[in-house]
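Q: What follows is a predicted structure for the sequence shown.
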Amino acid sequence: MAKSENLNVSSASHHGGDDGHHDLEGMRVMGFWIFLITDFIMFGTLFATFIVLNDSTAGGPTGAELFEMPGIIAETFILLTSSFTSGLAVLAMNRGNRKALIGWLAVTVLLGLSFISLELTEFFTLVHEGANISTSAFWTAFYTLVGTHGLHVSIGLVWITAIMIQLARHGINPVTKRKVNIVSLYWHFLDVVWIFVLTIVYLMEVM
Amino acid sequence: MAQHTNNNTHGDHEAHGSHEAHGSLKSYIIGFVISIVLTIIPLVVVLNDILEGTAAIVVLLAAAILQFLVQLFYFMHLKEEGKPRYNMTVLILGTIIVLTVIIGSIWIMTYNKVA
């Protein structure tokens, strides 16, 4: 690694040895973007399913009857704020401030946890009111779409926690730096998906 | 060797300043405020029954798509990507696939319904 960078230095005078290293990191980040796009396509198909099955309630309860907006609005602002705090974590990292970085990641995890607990409360209430995953095609599509998003958020929480441990052990280095950048991309992406869940699943239903 | 690594991290910082910048506090706050406004608008429109039918759907979808763009550019720094814009290309391709699936499904299933 160091050798090839030295070679680079001698051959390319203006850019220096950073180029090869950066290209590799750039490739890794692009690989993650490709993963995000496949996830985007998967959510797209789940949204398509939900939209198509929108009226298929089989005489059972509809979304408009059971959705309770205050909880959903709270979830939305919590997730929006956590997207912002994960951005603040990246800023702290770029300043080289490890304490602030871990702190903002911890805030993000706490917000994510409250999002998940609100969502689980919502699911339990819905099941209690007679809308479980096999009540009708509408509810199957609902739980699959919203549940898949919730699962992504839960995985993100475990992931961020793991990175916090690595940061505490190894500090900020090129590897942990890339990991923080990638996990924050993931987190912003989940926020984007949630905005569409809010719009298409909840707001258009209640409208 | 140690000196080399040192140099490397320095180079890293400079690179961050120029072409791999990750936004400033200001751009994050602007993005956050815009995204909150873009969330409040559809909520107010729907919960107070200000608009109905197609008009409401247009406002809701427009707010969601703008929100998507805010996240991409203010938070995910898509615009600051280096010159061959591979990430952007992949995103556009993905968007085309997603729109085809969603619009195609809606279109097919509209004609599937028994009147």
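A: That came through, no problem.
Q: going forward, measure contacts between C-alpha atoms and count neighbours the same way
A: Will do.
Q: what helix or strand does residue A:124 sit in?
A: Assessed by DSSP states H and E, residue A:124 sits inside helix A:98-128.
Q: What is the distance between the helix or strand following that helix and the centre of its chain?
A: Using DSSP H and E, the next helix or strand after helix A:98-128 towards the C-terminus is helix A:137-170. The chain centroid and the centroid of helix A:137-170 are separated by 7 Å, computed with CA atoms, centre = their mean, to the nearest Å.
Q: what's stretch A:142-159 in contact with?
A: A:43, A:46-47, A:50, A:109, A:112-113, A:116, A:119, A:133, A:183, A:186-187, A:190, A:193-194, A:197, A:201 (CA atoms under 8 Å, 6 or more residues apart in numbering or on different chains).
Q: Of all the residues in it, which ones are buried?
A: A:142-146, A:149-150, A:153-154, A:156-157 (16 or more other CA atoms under 10 Å in any protein chain shown).
Q: Check the gap between the residue of chain A found nearest chain B and residue A:200 for me.
A: Residue nearest to chain B within chain A: residue A:48 (4.6 Å; CA to the nearest CA). Distance, residue A:48 to residue A:200, using CA to CA, to the nearest Å: 10 Å.
Q: which of those two has more neighbours?
A: Under the criterion of other CA atoms under 10 Å in any protein chain shown, the comparison of residue A:48 against residue A:200 puts residue A:48 first, with 23 against 19.
Q: quick one: what helix or strand has that one in it?
A: Using DSSP H and E, residue A:48 falls within helix A:18-52.
Q: after that helix, next one along is what?
A: helix A:63-66.
Q: Are the helix holding residue A:124 and chain B in contact anywhere?
A: No - Helix A:98-128 lies apart from chain B when judged by CA under 8 Å from any CA of the partner chain; the minimum separation is 13.5 Å.
Q: For that helix, name the packing helices and strands.
A: helix A:69-95, helix A:137-170 (3 or more CA pairs under 8 Å, 6 or more residues apart in numbering or on different chains; DSSP states H and E).
Q: coming back round to it: tell me who's in contact with the residue of chain A closest to chain B.
A: Taking CA under 8 Å, 6+ apart, we find residue A:48 in contact with B:101-103, B:105-106.
Q: Now tabulate these in TSV and tack on distance to chain A, neighbour count and secondary structure.
A: TSV is the format used below for the contacts of residue A:48 (distance: CA to the nearest CA, whole Å; neighbours: other CA atoms under 10 Å in any protein chain shown; DSSP: H, G, I helix; E, B strand; the rest coil):
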residue	distance to chain A	neighbour count	secondary structure
B:101	6	19	helix
B:102	5	20	helix
B:103	8	13	helix
B:105	6	17	helix
B:106	6	17	helix
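Q: Could I get those residues in TSV, plus columns for pLDDT?
A: Below are the contacts of residue A:48 laid out as TSV (pLDDT from 0 to 100):
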residue	pLDDT
B:101	94
B:102	94
B:103	93
B:105	92
B:106	91
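Q: Tally up the residues packed near the closest residue to residue B:74 other than its chain neighbours, please.
A: Distances taken as CA to CA, 6 or more residues apart in numbering or on different chains place residue B:31 nearest to residue B:74, at 5.4 Å, with adjacent residues excluded. Using other CA under 10 Å, residue B:31 has 21 neighbouring residues.
Q: you'd agree residue B:31 is up against residue B:77?
A: No - contact criterion CA atoms under 8 Å: residue B:31 and residue B:77 do not qualify, at 11.1 Å.
Q: Run through who's touching the stretch of helix or strand residue A:175 belongs to.
A: Per DSSP H and E: residue A:175 is located in helix A:174-196. Helix A:174-196 is contacted by residues A:25, A:29, A:32, A:36, A:43, A:76, A:79-80, A:83, A:86-87, A:90, A:93, A:149, A:152-153, A:156, A:159-160, A:163, A:166-167, B:64, B:67-68, B:71, B:75-76 when judged by CA under 8 Å, 6+ apart.
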